[in-house]
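Give me a model of this one.
(one chain, ligands or ions: 1)
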Amino acid sequence: GEPFMRILVTGGAGFIGSAVVRHLIRDTPHEVANVDKLTYAGNLESLAGVADSPRYRFHEIDICDGPALAAVFAGFRPDAVMHLAAESHVDRSIDGPAAFIETNLVGTYTLLEAARSHWQALPQADRDAFRFHHVSTDEVYGDLAGTHDLFTETTPYAPSSPYSASKAGSDHLVRAWQRTYGLPTLVTNCSNNYGPFHFPEKLIPHIILNALHGQPLPVYGDGAQIRDWLYVEDHARALVQVVGRGRPGETYNIGGHNEKRNLEVVETLCDLLEELAPGKPAGVARYRDLVTFVKDRPGHDRRYAIDASKIQRELGWTPQETFDSGIRRTVQWYLRNEAWWRRVLSGEYRLGRLGQG
Ligand code: NAD
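The predicted structure is shown next:
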């Protein structure tokens with residue numbers, strides 16, 4: 001059997017973090033302390049199925065708050081940290097970069113220091129076994145436009161947006177804490193995720209919900225930007241394998257080998273909705289008629305694609321979903337979980353926060 005760990009997860013109320021927490025509670029013996037500030041992107045309703053487990057606890061904390069983090073480390077005594085808390089939306093980083101610098105850089109630094117104090121006070125055997133796993137993005141590598149190359153773990157960093165620059169900086173901080181202080185770290189860089197519980201500002205849920213409401217389906221520029229899509233539950237399984245069995249100091253790229261143009265993704269969603277939600281909103285003949293091209297995002301990278309052969313070779317991880325199976329599951333999930341997204345669209349999902357109604 002798998003050895004039991006106490007894992008401090010940051011950002012566990014977010015899209016990927018909640019998939020990690022659901023997977024840890026349902027499929028492993030590990031204990032979880034979820035540290036999350038509950039920004040607009042945090043939604044405790046995504047954890048409804050696991051929150052009453054005796055192996056789960058929640059702390060509403062900002063990762064920039066060092067003393068609050070120290071108290072969680074002292075009380076929970078984690079064997080590992082899985083760090084997912086971040087500001088994650090590229091468009092928001094263009095409109096207001098400050099929160100990205102604060103959370104992604106200052107927050108990661110503050111968490112590293114809290115982890116290092118805890119780790120340094122452990123007995124030697126526990127120090128060797130401790131892991132600080134930083135979850136990052138393939139966007140740190142920049143744009144692969146016009147090539148057939150794939151990002152590997154040694155591709156030089158060339159971030160384009162305030163979001164990817166702040167994530168790149170946080171990756172460098174984590175590696176420096178390994179090299180300088182010996183903190184046993186792991187870094188993973190993953191391609192675009194999609195799946196259940198995805199906040200509707202992101203492309204796939206935004207398109208599904210707009211289509212169901214008969215609203216325009218905005219496509220940036222010519223829609224030819226290529227992303228490499230990974231089903232979120234495949235990512236969550238990869239992360240749990242890395243934190244358990246990854247080699248400290250290493251980086252692992254994670255991706256689904258699913259390069260798709262954005263327009264292709266939108267058209268696939270329209271076709272699935274034709275099949276699965278045939279009762280269209282008034283005045284809509286075909287979902288594809290709702291596609292509307294809008295001004296491109298400034299600095300928009302044209303192509304990302306991941307070489308995931310290292311994690312496959314070393315840890316035996318491969319995705320279970322193809323793009324076709326995963327995108328179908330995702331559309332079905334949104335059709336069956338209207339209560340979840342209605343409360344997101346109306347803002348009611350925020351009512352669970354401390355000090356509010
Ligand atoms: P998300 O925006 O859905 O969730 C982020 C979570 O972090 C939210 O619950 C939010 O409340 C919390 N948070 C934000 N600021 C915080 C702070 N200062 N203190 C404590 N909690 C805070 O993001 P996601 O899509 O789940 O991404 C999770 C991680 O994975 C991020 O680090 C992101 O960079 C990375 N990533 C995302 C993708 C993707 O496609 N979504 C791909 C690769 C990597």
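
what's the burial count for the residue lying closest to residue 248 once chain neighbours are set aside?
Nearest non-adjacent residue to residue 248, counting by Cβ to Cβ, 6 or more residues apart in numbering: residue 184, 3.7 Å away. Placement of C-beta: from N, CA and C, glycine included. Around residue 184 there are 19 other residues, counting by other Cβ atoms under 10 Å.

again, but for residue 305
Neighbour tally, residue 305, other Cβ under 10 Å: 20.

do residue 348 as well
12.

Repeat that for residue 234.
Neighbours around residue 234, by other Cβ under 10 Å: 22.

Tell me which other helices or strands the helix or strand encompassing it touches.
Take DSSP states H and E as the rule and residue 234 turns out to sit in helix 232-245. Taking 3 or more Cβ pairs under 8 Å, 6 or more residues apart in numbering; DSSP states H and E as contact, the helices and strands that helix 232-245 lies on are helix 15-27, strand 80-83, strand 131-137, strand 185-190, strand 193-194, strand 251-254, helix 309-315.

contacting residues around the third one?
Right, strand 131-137. Strand 131-137 has contacts (Cβ atoms under 8 Å, 6 or more residues apart in numbering) with 16, 79-84, 108, 112, 115, 119, 164, 167, 170-171, 174, 177, 183-191, 239, 242-243, 246, 248.

Is the ligand within reach of it?
Yes. Using Cβ under 6 Å from any ligand atom, we find that strand 131-137 touches the ligand at 135, 136, 137.

Kindly indicate which of these lies nearest the ligand.
residue 137 (3.8 Å; Cβ to the nearest ligand atom).

neighbours around the closest one, how many?
22.

likewise residue 48?
That count, for residue 48 with other Cβ under 10 Å as the rule, works out to 12.

what about this protein, any weak spots by pLDDT?
1-2, 352-357 (pLDDT under 70).

Now do the phi/psi pair for residue 123.
Note on residue 123: backbone dihedrals following degrees, to the nearest 10 are phi -60, psi 150.

rewinding a little: of the contacts of strand 131-137, buried ones?
Using 16 or more other Cβ atoms under 10 Å as the burial test, the contacts of strand 131-137 include 16, 79-84, 108, 112, 115, 119, 164, 167, 170-171, 174, 177, 183-191, 239, 242-243, 246, 248 as buried.

Close to the ligand: what parts of the chain are there?
10-11, 13-17, 36-39, 41-42, 62-64, 84-88, 103, 107, 135-137, 167, 190, 192-193, 199.

so what's residue 42 up against?
So residue 42 contacts 11, 13, 14, 36 (Cβ under 8 Å, 6+ apart).

rerun at 6 Å
13, 14, 36 (Cβ atoms under 6 Å, 6 or more residues apart in numbering).

Which of the three states applies to the closest residue to it other than its chain neighbours?
Once flanking residues are discounted, residue 42 sits nearest to residue 13: 3.7 Å by Cβ to Cβ, 6+ apart. The local conformation at residue 13, judged by DSSP: H, G, I helix; E, B strand; the rest coil, is coil.

doesn't residue 35 make contact with residue 13?
No. Look at residue 13 against residue 35 with Cβ atoms under 6 Å: they stay out of range, at 9.6 Å.

With adjacent residues omitted, what lies nearest to the residue of the chain most remote from its centre?
In the chain, the residue that sits farthest from the middle, by Cα atoms, centre = their mean, is residue 283; the gap is 36.1 Å. In this structure, residue 283 finds its nearest non-sequential neighbour in residue 214, 6.5 Å apart by Cβ to Cβ, 6+ apart.

Was I right to think that neighbour contacts residue 281?
Yes. Between residue 214 and residue 281 there is a contact at 3.2 Å, judged by Cβ under 6 Å.

and the strand or helix carrying residue 218, which strands flank it?
Applying DSSP H and E as the criterion places residue 218 in strand 217-220. Applying DSSP bridges, strand 217-220 is found paired with strand 291-294 (parallel).

Of all the residues in the partner strand, which ones are buried?
Buried-residue list, strand 291-294, by 16+ other Cβ under 10 Å: residue 291.

again, but for stretch 138-153
138, 139, 140, 141, 142, 143, 144, 150, 151, 153.

Against residue 130, how distant is the nearest residue to residue 254 once chain neighbours are set aside?
Nearest residue to residue 254 in three dimensions, chain neighbours excluded: residue 190, at 4.1 Å (Cβ to Cβ, 6+ apart). Residue 190 sits 23 Å away from residue 130, taking Cβ to Cβ, to the nearest Å as the criterion.

Repeat that for residue 15.
Distance from residue 15 to residue 130, by Cβ to Cβ: 27 Å.

Output the helices and strands packed on helix 232-245 as JSON lines; include the columns distance to residue 337.
Shown next, in JSON lines, are those (distance: least, Cβ to Cβ, whole Å):
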{"stretch": "helix 15-27", "distance to residue 337": "13"}
{"stretch": "strand 80-83", "distance to residue 337": "25"}
{"stretch": "strand 131-137", "distance to residue 337": "24"}
{"stretch": "strand 185-190", "distance to residue 337": "24"}
{"stretch": "strand 193-194", "distance to residue 337": "15"}
{"stretch": "strand 251-254", "distance to residue 337": "25"}
{"stretch": "helix 309-315", "distance to residue 337": "30"}
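
Please, where are all the helices along the stretch 151-300 of the chain?
Counting by DSSP state H, counting those that start in this stretch, one finds helices in the stretch 151-300 of the chain at the ranges 162-181, 203-212, 232-245, 262-276.

wait, what's in contact with the residue of the stretch 251-357 of the chain at minimum distance from the ligand?
Across the stretch 251-357 of the chain, no residue is closer to the ligand than residue 254, which sits at 8.0 Å (Cβ to the nearest ligand atom). Neighbour list for residue 254: 188, 190, 238, 308, 311 [criterion: Cβ under 6 Å, 6+ apart].
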